[in-house]
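Engineer: Just need the structure, nothing else, for what follows:
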Amino acid sequence: NNCFHCVSPDKQYNATVRRQLATQTDIFFYPLGVKSHYCSESIDPEYPHIIEGEICSKYSMCITLFPNLQDSTFMVRGCFESILRHSRRTEEQLHQDGCYLLRSLPMYSNTVTMDYVVCTCHGDYCNTMGMPDVVPKPYSFGKSNILKLTMAEERNALQLATSATSTFNVSLVSSFLIIVIMQFR
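Structural biologist: Numbering: from 1, shown residues only. Purely as a prediction, here's the structure:
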């Protein structure tokens with residue numbers, strides 16, 4: 001399996017954000033030697049000559065990763081095993097094609113928590129997506145450290161996925177609370 005492999009320049013950010021992108025140790029490996037201004041743009045598979053490729057050895061999956069920051073142009077692309085940190089590769093959810101929101105913990109006291117969008121796909125050079133609009137806040141990770149995302153049909157924007165299961169669980173809990181309240185009246 002082969003994937004597009006690049007990292008966008010991060011010059012648009014202030015020194016604190018650049019340091020956080022380069023020093024985070026829980027989400028991704030920062031690729032060296034593959035900087036490209038075209039990395040954050042949609043890649044036409046018919047004319048891929050502007051982006052390097054990489055051969056994946058362990059997983060037949062590609063990844064596209066970027067911070068969930070408004071107007072971001074920073075993007076990382078590559079093979080699942082060369083971009084994603086070891087601890088994240090074991091997350092079963094990330095082995096399914098789709099996009100996910102992951103929270104990165106700050107490494108230094110003067111940096112803030114940063115969330116990253118990670119999109120995974122199976123197939124040769126499947127990591128061609130351009131930069132979508134970010135996931136709007138507020139959102140909560142709760143006990144999970146991964147949130148499933150979907151692409152809004154009407155525009156190039158990511159949003160939190162809602163599942164029938166979570167809707168059912170909320171309805172079930174609401175019904176239970178109503179029954180309990182009615183018994184104590």
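
Engineer: Go through the longest strand seen in the chain and flag the buried ones.
Structural biologist: Assignment by DSSP state E gives strand 114-122 as the longest strand of the chain. The neighbour-count check on strand 114-122 (16 or more other Cβ atoms under 10 Å) flags 114-121 as buried. Any C-beta I mention is one placed from the backbone N, CA and C, and that applies to glycine too.

Engineer: try stretch 149-164
Structural biologist: Buried, per 16+ other Cβ under 10 Å, within stretch 149-164: 149, 151, 158.

Engineer: ok, of those residues, which one's closest to Val135?
Structural biologist: When the buried residues of stretch 149-164 are ranked by distance to Val135 (Cβ to Cβ), Leu158 comes first, at 5.0 Å.

Engineer: got the contact list for Leu102?
Structural biologist: 27, 88, 115-118, 145-146 (Cβ atoms under 8 Å, 6 or more residues apart in numbering).

Engineer: hmm, try it at 7 Å
Structural biologist: Going by Cβ atoms under 7 Å, 6 or more residues apart in numbering, Leu102 touches 27, 115-116, 118, 145-146.

Engineer: and it, bridged to which residues?
Structural biologist: Per DSSP bridges, the residues bridged to Leu102 are Tyr116, Ile146.

Engineer: gap between it and His37?
Structural biologist: To His37, Leu102 is 25 Å away according to Cβ to Cβ, to the nearest Å.

Engineer: so Val34 sits right up against His5, yeah?
Structural biologist: Yes: contact criterion Cβ atoms under 7 Å: Val34 and His5 qualify, at 5.5 Å.

Engineer: Now the nearest residue to Lys11 once chain neighbours are set aside. Its backbone dihedrals?
Structural biologist: The shortest distance from Lys11 to any non-neighbouring residue, by Cβ to Cβ, 6 or more residues apart in numbering, is to Arg18 (8.0 Å). Main-chain dihedrals, Arg18, degrees, to the nearest 10: phi -60, psi -40.

Engineer: how close does Arg18 sit to Tyr38?
Structural biologist: With Cβ to Cβ as the criterion, Arg18 and Tyr38 are 20 Å apart.

Engineer: just Met129 next, same as before
Structural biologist: 13 Å.
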